[in-house]
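Undergrad: Fold the following.
(chains A and B)
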Amino acid sequence: MRRPYIPAFVFGILALIGLAIAPYMALMYAGMEKDMGFAQKIFYYHVPSAFMMYIGFALCAIFSALYLYKKDKKYDIWALCSAEVGLLFCTLVLLTGPIWAKPIWGTWWVWDAQLTLTLMLWLIFVAYMMLHSYSEDSLQSAKFRAVLGIIGFLDMPLIHYATKLWRTHHPEVVRGEEFGLPLDMKIAFYFCVLTFLMLFLAILFKRVSVEKAHDELESIKSEIRDRKAILGQLGSD
Amino acid sequence: MPTFFTHTLAIFQKDLKTEWRTKERLSAMTFFAFLVILIFNFAFEPGSPIMQSAAPGIFWIATTFAGLMGLGRAFAIEKQNDCLLGLRLTPADPGAIFLGKMLGNMVAMLLLEALILPILVIFLDVEVFAVLPRLCVPIFLGTLGFAAVGTLFAAMSMNTRLQEALLPILTLPVLVPALLAAVESFRGILEGDTLSDIFPWLKLGGAFAGLFGAACLLLFEFVLED
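TA: Reported below is the predicted structural model:
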């Protein structure tokens, strides 16, 4: 029997409570924004998702570097899972963004630095997942992914700088300022960030425990194969 | 350190020699790039101002696609008869192998670019030759960045089930800043900008080439080892 994985359970419960209260905080408790109206409410989910995306990708780069340095399978599992959860939140950012942009900017998509960076990160980490799926050798796949995780992270500031430079000839996009928020909005916002952090950690820990179990299963399987091969050899002798 | 560069040079020369004797890779790349430019002519109105303003983009799309094809080949030939294993067994440092391969790819790409620039002049009617010396700087930086990232990812994608098919998926998103810098500098120069006008773009291209040149040089070791 495997004992239940405590961190995933604890963070999961906290996330569940947070997610039950978050809609109330975002929709009822926080005041209505004057210019943007109801559309602004999506910020309480969109921005925390973006934070979690950055945390996920940053963790992936850190664990990737640790893996290449120490060659310990454990770091690879953490890197893979952080990338997966980061990609999940990245997808959420890309889905919730246009819902807000359409009524406010009048268009689903703008080639703004922030948007382009998110889309490129999404593409890089989809490639990361493909590298995981299409590799023949798990040890090699781990190294390749680690290399891509680091390269993707190094690319972030360059992509951001490039798109900023690229779009300076175009009208400046009006962005929702987080500073000078009224207190009720601030409380609701930080509540949502905390909730998303709990959700992020719950999924991450759960995912890591599943991946560890998977890894364990693979090693048991290969051990059985080895033993069978030895027994087969003895039988034929 | 001198041995590092001797090894680099040896691998670079080996790649050049195989290319020189067969001329397979460069001819395939050039024809492919030529076809890409042709397709653009069919897709848009030939001779229209749209084509002229799109010329920098068309040049880099043709170069990138043909370059990706060439990069795939560069490692496919190393996989035949386990040549890559042979390279690894030599006393050469992984960094030297990377640098040698990268230089080989870069020379192939620069030759390709030299061959398709005249095609661009003929079919798209853009005034390239008047600004050629200035144009060389962003083209060189873009090619350097492309060759660095591309060589690393080509070595990686060769060892997956998808082989070459994975190469563009890995390379293109990472390459976005370098391509943007290359295209925008090209456009600026065609519109009469001097090098100091497009300095922010050159800085970006240089930063990309420098950062990823160094990162790929260090990371190649992990891609090569078993």
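Undergrad: And for the helix or strand bottoming out on mean pLDDT in chain B, what's in contact with it?
TA: Within chain B, no helix or strand scores below helix B:83-89, which has a mean of 84 by mean pLDDT, DSSP states H and E. The contact list for helix B:83-89, computed with Cβ atoms under 8 Å, 6 or more residues apart in numbering or on different chains, reads B:11, B:75, B:77, B:78, B:94, B:97, B:224, B:225. Every residue, glycine included, has its C-beta placed from N, CA and C.
Undergrad: In contact with the fifth one, which residues?
TA: Remark: with contacts taken as Cβ under 8 Å, 6+ apart, residue B:94 is in contact with B:88, B:220, B:221, B:224, B:225.
Undergrad: for the first one, same thing?
TA: Taking Cβ under 8 Å, 6+ apart as the criterion, residue B:11 is in contact with B:87, B:92, B:96, B:97, B:99, B:100, B:101, B:104.
Undergrad: Ok, the third one next?
TA: Applying Cβ under 8 Å, 6+ apart to residue B:77 gives the contacts B:18, B:83.
Undergrad: any idea which element it lies in?
TA: Per DSSP states H and E: residue B:77 is located in helix B:49-79.
Undergrad: Show me the shaky parts of chain B.
TA: Confidence mapping of chain B against pLDDT under 70 gives the ranges B:1, B:226.
Undergrad: ugh, typo on my part, it should be chain A
TA: For chain A (pLDDT under 70), the answer is A:1-4, A:168-180, A:237.
Undergrad: give the contact list for residue A:146.
TA: By Cβ under 8 Å, 6+ apart, residue A:146 lies in contact with A:64, A:65, A:67, A:68, A:76, A:79, B:222.
Undergrad: So of those, which two are at opposite extremes in space?
TA: Using Cβ to Cβ, the two most remote members of the contacts of residue A:146 are A:79 and B:222, lying 13.1 Å apart.
Undergrad: These two: who's more crowded?
TA: Applying other Cβ atoms under 10 Å in any protein chain shown to residue A:79 and residue B:222 shows that residue A:79 carries more neighbours, namely 26 against 19.
Undergrad: For that one, what is the enclosing helix or strand?
TA: The secondary structure element spanning residue A:79 is helix A:73-105 (assigned by DSSP H and E).
Undergrad: circling back to that earlier point, quick one: which of the contacts of helix B:83-89 is nearest chain A?
TA: Nearest to chain A among these: residue B:225, at 7.6 Å, using Cβ to the nearest Cβ.
Undergrad: what's the neighbour count on the closest one?
TA: Residue B:225 is flanked by 11 other residues according to other Cβ under 10 Å.
Undergrad: In contact with it, which residues?
TA: Counted by Cβ under 8 Å, 6+ apart, residue B:225 has contacts A:143, B:88, B:94.
Undergrad: what would those residues look like in CSV with distance to residue B:44?
TA: Putting the contacts of residue B:225 into CSV (distance: Cβ to Cβ, whole Å) gives the following:
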residue, distance to residue B:44
A:143, 43
B:88, 47
B:94, 45
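Undergrad: from those, which is closest to residue A:214?
TA: Using Cβ to Cβ, residue A:143 is the member of the contacts of residue B:225 that sits closest to residue A:214, with 18.7 Å.
Undergrad: Can you tell me the closest non-neighbouring residue to the closest one?
TA: Computed as Cβ to Cβ, 6 or more residues apart in numbering or on different chains, the closest residue to residue A:143 that is not its neighbour in sequence is residue B:222, at 4.8 Å.
Undergrad: helices or strands up against the helix or strand containing the one you found?
TA: Assessed by DSSP H and E, residue B:222 sits inside helix B:199-224. Secondary-structure packing of helix B:199-224 (3 or more Cβ pairs under 8 Å, 6 or more residues apart in numbering or on different chains; DSSP states H and E): helix A:138-166, helix B:94-124, helix B:132-157, helix B:166-190.
Undergrad: quick one: that helix to chain centroid distance?
TA: Averaged C-alpha coordinates place helix B:199-224 at 13 Å from its chain's average position (Cα atoms, centre = their mean, to the nearest Å).
Undergrad: and the nearest residue to residue A:135 once chain neighbours are set aside, what is it in contact with?
TA: Spatial nearest neighbour of residue A:135, excluding adjacent residues (Cβ to Cβ, 6+ apart): residue A:141 at 3.2 Å. Going by Cβ under 8 Å, 6+ apart, residue A:141 touches A:131, A:132, A:135, B:160.
Undergrad: just curious, which of those residues is nearest to residue A:184?
TA: Using Cβ to Cβ, residue A:132 comes nearest to residue A:184 of the contacts of residue A:141, at 43.2 Å.
Undergrad: Run a quick neighbour tally on the closest one.
TA: Around residue A:132 there are 18 other residues, counting by other Cβ under 10 Å.
Undergrad: what's the angle from the helix or strand harbouring it to helix A:138-166?
TA: In this assignment (DSSP H and E), residue A:132 forms part of helix A:113-133. Here helix A:113-133 points in a direction 170 degrees away from that of helix A:138-166 (axes from the mean of the first three to the mean of the last three Cα atoms, to 10 degrees).
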